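**Student:** I would like to see how this sequence folds:
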Amino acid sequence: MSVCFPDPESADARGLLAVGGDLEPETLVEAYSHGIFPWFGEHDPILWWSPDPRMVLFPHEFHCSRRLARRLRQGRYRITLDHAFEEVIHACATHPRPGQQGTWIVPSMRRAYVRLHERGIAHSVEVWEKGRLVGGLYGLLLGKVFFAESMFSRVTDGSKMALAELCRLAMADAWALIDCQFYTRHLASLGAREIPRARFLSIVRPATKKPGGDPV
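**Tutor:** Okay, the predicted model is just below:
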């Protein structure tokens, strides 16, 4: 059965759009293809968001600093795609973050995204050093839009190297954009910027559709 979400433009000032529902693969694909994503705490109901403005990264605008470029050239790190999805999502959920207690990547969310990965919808980028996972990110790829969910670093620039690889893949395959959801200074330093929700939706809706009109 098709899930019917409210119009994203009806979200409140914080971006909160709806409460409840489920995290079934079909529900998540329908949500993301309309610019909506789940974000909630361990003891909260499922909360659905569509903020305005929306933080996005156009792949060609990724800022690769000289230090990061040198690090990528060193040959010290190996970068892979979809080699350790569950390890990446676990690391994103458990890696300590300054000023943050707990995680929104609760067990039900982890299970939901693992199911999406098994269906070829959710993907991870991994950064390895001597066989150890030291950085990475994960998200959903629908059509020509990558919806980034989270990233982590265990070494300097670990997540940045993963994002650099994601942008390389994005430009090679002509993705429309990488969704970053909310503003952070860290993302802004890497070239991401805010755009109005209306513009975001005008890009995402057609870019996530199959020729027949259904979400990819």
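
**Student:** next, count neighbours for residue 169.
**Tutor:** Number of residues near residue 169 (other C-beta atoms under 10 Å) recorded here: 15. C-beta coordinates here come from the backbone N, C-alpha and C atoms, glycine included.

**Student:** helix/strand/coil for it?
**Tutor:** Secondary structure of residue 169, reduced to three states by DSSP: H, G, I helix; E, B strand; the rest coil: helix.

**Student:** residue contacts, the closest residue to it other than its chain neighbours?
**Tutor:** Nearest residue to residue 169 in three dimensions, chain neighbours excluded: residue 81, at 7.4 Å (C-beta to C-beta, 6 or more residues apart in numbering). Neighbouring residues of residue 81 by C-beta atoms under 8 Å, 6 or more residues apart in numbering: 123-126, 165, 169.

**Student:** if we only consider the residues you listed, which is nearest to residue 71?
**Tutor:** The nearest member of those to residue 71, counting by C-beta to C-beta, is residue 165 at 12.2 Å.

**Student:** low-confidence ranges in the chain?
**Tutor:** Applying pLDDT under 70 to the chain flags the ranges 1-2, 96-102, 210-216.

**Student:** and the strands in it?
**Tutor:** Using DSSP state E, the strands of the chain run over 16-19, 37-38, 47-49, 54-57, 78-81, 122-129, 132-142, 145-153, 177-181, 193-195.

**Student:** can I get those in a markdown table including distance to residue 187?
**Tutor:** Below are these laid out as a markdown table (distance: least, C-beta to C-beta, whole Å):
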| stretch | distance to residue 187 |
| --- | --- |
| strand 16-19 | 21 |
| strand 37-38 | 15 |
| strand 47-49 | 16 |
| strand 54-57 | 6 |
| strand 78-81 | 20 |
| strand 122-129 | 16 |
| strand 132-142 | 12 |
| strand 145-153 | 9 |
| strand 177-181 | 5 |
| strand 193-195 | 9 |
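
**Student:** of those, give the one that comes closest to residue 201.
**Tutor:** Closest to residue 201 of the strands of the chain is strand 54-57 (C-beta to C-beta; 8.6 Å).
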